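Peer 1: Need coordinates for the below:
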Amino acid sequence: MRVLFVLLLWALVLVLCWPVALAVLVLWPILWLLSIPFRIVGALMEAILAFVKAILFLPARLLGHRPA
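Peer 2: The predicted structure follows:
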């Protein structure tokens with residue numbers, strides 16, 4: 001559904017302002033490649049925070065507390 005919405009939006013922009021639509025078509029892969037390091041850093045930060053949370057809750061888990 002999202003792909004269809006994006007395709008329709010791009011077609012609308014193509015009809016209304018074709019240079020912008022062609023620029024988006026050319027620049028989108030470049031922007032996607034530039035965003036890869038930020039995605040990696042985000043995944044790494046999520047893993048680090050999950051690890052810290054596991055360490056902080058370890059004493060409670062050892063004492064028998066179970067999450068709801």
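Peer 1: and the gap between Ala50 and Phe57?
Peer 2: The spacing between Ala50 and Phe57, counted by CB to CB, to the nearest Å, is 11 Å. Using the backbone N, CA and C atoms, a C-beta is placed for each residue, glycine as well.
Peer 1: what about the longest helix in the protein?
Peer 2: helix 18-62 (DSSP state H).
Peer 1: ok, the spatially most central residue of the chain - contacts?
Peer 2: Centroid check for the chain by CA atoms, centre = their mean gives Arg39 as the closest residue, at 6.5 Å. Applying CB atoms under 8 Å, 6 or more residues apart in numbering to Arg39 gives no contacts.
Peer 1: Same question for Val13.
Peer 2: Val13 touches Val20, Ala21, Val24, counting by CB under 8 Å, 6+ apart.
Peer 1: Now it: which helix or strand?
Peer 2: Element membership for Val13 (DSSP states H and E) is helix 2-16.
Peer 1: Poorly predicted segments of this structure, please.
Peer 2: 67-68 (pLDDT under 70).
Peer 1: one step back: pull out the buried residues from the helix holding Val13.
Peer 2: The neighbour-count check on helix 2-16 (16 or more other CB atoms under 10 Å) flags Val13 as buried.
Peer 1: Next, the angle from it to helix 18-62.
Peer 2: 160 degrees (axes from the mean of the first three to the mean of the last three CA atoms, to 10 degrees).
Peer 1: Only C-alpha atoms, please: export helix 2-16 in CSV.
Peer 2: Written as CSV, here are the backbone C-alpha positions of helix 2-16 (Å, rounded to 0.1, in the frame of the first residue of the first chain):
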residue,chain,number,x,y,z
ARG,A,2,2.8,2.4,0.9
VAL,A,3,4.6,1.7,-2.4
LEU,A,4,1.4,2.4,-4.4
PHE,A,5,1.0,5.7,-2.5
VAL,A,6,4.6,6.7,-3.2
LEU,A,7,4.2,5.8,-6.9
LEU,A,8,1.0,7.9,-7.2
LEU,A,9,2.6,10.8,-5.4
TRP,A,10,5.6,10.6,-7.7
ALA,A,11,3.4,10.5,-10.8
LEU,A,12,1.5,13.5,-9.6
VAL,A,13,4.8,15.4,-9.1
LEU,A,14,5.9,14.2,-12.6
VAL,A,15,2.7,15.7,-14.1
LEU,A,16,2.9,19.0,-12.1
